[in-house]
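*Asks:* Here's my sequence, what's the structure:
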Amino acid sequence: MSDLFWLTDEQMERLRPLFAKSHGKPRVNDRRVLSGIVFVNRNGLRWRDAPSAYGPHKTLYNWCRRWGEAGIFTRIMEGLAAVNAEPKTVMIDATYLKAHRTASSLRVKKGNLGRLIGRTKGGMNTKLHAIADGNGRPLSFFMTAGQASEYTGAAALLDDLPKAQWVLGDRGYDADWFRDALNAKGIEPCTPGRRSRNEPVRYDKRRYRRRSRIDIMFGRLEDWRRVATRYDRFPTAFFSAVALAATVIFWL
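*Replies:* Numbering: from 1, shown residues only. Below you'll find the model as predicted:
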């Protein structure tokens with residue numbers, strides 16, 4: 001039992017206001033089930049391999065799937081982040097997450113939006129775009145197929161940007177339209193210019209050094225095996241695993 005993960009009383013109190021409301025029959029023990037979901041995702045287990053101390057593995061899977069489809073895990077992460085973030089300076093970046101054969105196998109049903117898995121030089125991947133606060137803690141995510149550009153994620157995350165003074169991004173985010181969009185929001189971009197530009201772009205190099213914190217954030221997320229390697233076929237299930245990892249690592 002000592003090797004198993006259990007949420008503390010304090011953590012449960014912070015999470016409880018963001019839980020989905022129970023309708024009809026009362027839910028099983030929230031702490032036990034949620035702790036079991038964390039354990040499975042952190043260690044990269046199959047659901048059927050979850051320790052019996054967390055209860056039936058089908059309960060863990062069903063609870064995770066339902067909450068994921070309802071966006072509960074994302075709501076929990078963003079709710080905690082909204083209260084505790086340091087949004088004066090924010091950072092934007094993206095990383096590749098390898099898709100396992102089980103995630104990319106079988107055809108996508110007609111009319112489905114797809115699995116958000118694409119082929120890159122590194123194989124089959126999903127690309128995770130993120131905004132982090134000044135301390136390198138995630139505020140919001142957006143997911144695309146691996147071959148999508150940084151511009152796609154930047155456009156999708158524009159509306160999620162908090163009222164910040166600065167946005168730090170690498171050369172992949174050096175685009176006139178993105179700089180104009182940030183300026184329209186009253187945000188100053190701190191991004192080096194692409195080498196193909198005719199004139200160099202001036203930016204605060206000292207402030208830009210803080211951008212390494214978002215790289216550290218991605219590295220800590222990938223310590224969770226079901227984040228570092230995508231086993232889930234459905235994007236909502238994988239996105240839920242990412243949001244849950246971010247919540248436990250950075251906001252609890």
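
*Asks:* Can you give me the neighbour number for Tyr231?
*Replies:* For Tyr231, the neighbour count with other Cβ atoms under 10 Å is 18. Any C-beta I mention is one placed from the backbone N, CA and C, and that applies to glycine too.

*Asks:* how close does the spatially closest residue to it that is not a sequence neighbour sit to Gln165?
*Replies:* Closest residue in space to Tyr231, ignoring its immediate chain neighbours: His100 at 4.9 Å, by Cβ to Cβ, 6 or more residues apart in numbering. Distance, His100 to Gln165, using Cβ to Cβ, to the nearest Å: 40 Å.

*Asks:* So the two - more neighbours on which side?
*Replies:* His100 (16 against 13).

*Asks:* isn't that one right up against Arg226?
*Replies:* No. With contact defined as Cβ atoms under 8 Å, His100 does not count as touching Arg226 (9.7 Å).

*Asks:* Go ahead and confirm Thr229 touches Tyr96.
*Replies:* No. Counting by Cβ under 8 Å, Thr229 stays clear of Tyr96, with 11.5 Å between them.

*Asks:* residues in contact with the nearest residue to Pro87 once chain neighbours are set aside?
*Replies:* Leaving aside its sequence neighbours, Pro87 sits nearest to Pro162 (Cβ to Cβ, 6+ apart; 3.8 Å). Taking Cβ atoms under 8 Å, 6 or more residues apart in numbering, we find Pro162 in contact with Ala85, Pro87, Val90, Asp133, Leu139.

*Asks:* which stretches of the stretch 51-200 of the chain have low pLDDT?
*Replies:* For the stretch 51-200 of the chain, residues meeting the criterion pLDDT under 70 lie at 106-113.

*Asks:* what do you get if the cut-off is 50, keeping everything else the same?
*Replies:* 111 (pLDDT under 50).

*Asks:* hey, where'd the helices end up in it?
*Replies:* According to DSSP state H, counting those that start in this stretch, the stretch 51-200 of the chain carries its helices in the segments 57-69, 72-84, 101-104, 150-157, 176-184.

*Asks:* how many neighbours does Pro192 have?
*Replies:* Pro192 has 17 neighbouring residues, counting by other Cβ under 10 Å.

*Asks:* quick one: it and Leu168 touch, right?
*Replies:* No. Counting by Cβ under 8 Å, Pro192 stays clear of Leu168, with 10.2 Å between them.

*Asks:* Find residues that contact each of those two.
*Replies:* Common neighbours of Pro192 and Leu168, counting by Cβ under 8 Å, 6+ apart, are Tyr208.

*Asks:* any idea what sits nearest Ile249, other than its immediate chain neighbours?
*Replies:* Arg220 is the one closest to Ile249 (Cβ to Cβ, 6+ apart), at 5.5 Å.

*Asks:* now Trp251
*Replies:* Excluding the flanking residues, the one nearest Trp251 by Cβ to Cβ, 6+ apart is Leu80, at 4.0 Å.

*Asks:* for that neighbour, what are its contacts?
*Replies:* So Leu80 contacts Arg14, Leu18, Thr247, Trp251, Leu252 (Cβ under 8 Å, 6+ apart).

*Asks:* Could you pull up the residues touching the last one?
*Replies:* Read it as Leu252. Contacts of Leu252 by Cβ under 8 Å, 6+ apart are Leu7, Gln11, Arg14, Leu15, Leu80.

*Asks:* List only those of those residues flagged as buried.
*Replies:* If you count burial by 16 or more other Cβ atoms under 10 Å, the buried members of the contacts of Leu252 come out as Leu7, Gln11, Arg14, Leu15, Leu80.

*Asks:* mind checking the SS state of the fourth one?
*Replies:* Put plainly, it is Leu15. helix (DSSP: H, G, I helix; E, B strand; the rest coil).

*Asks:* quick revisit: please tabulate the helices of the stretch 51-200 of the chain in a markdown table, including the columns distance to Arg31.
*Replies:* Shown next, in a markdown table, are those (distance: least, Cβ to Cβ, whole Å):
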| stretch | distance to Arg31 |
| --- | --- |
| helix 57-69 | 12 |
| helix 72-84 | 14 |
| helix 101-104 | 29 |
| helix 150-157 | 33 |
| helix 176-184 | 42 |
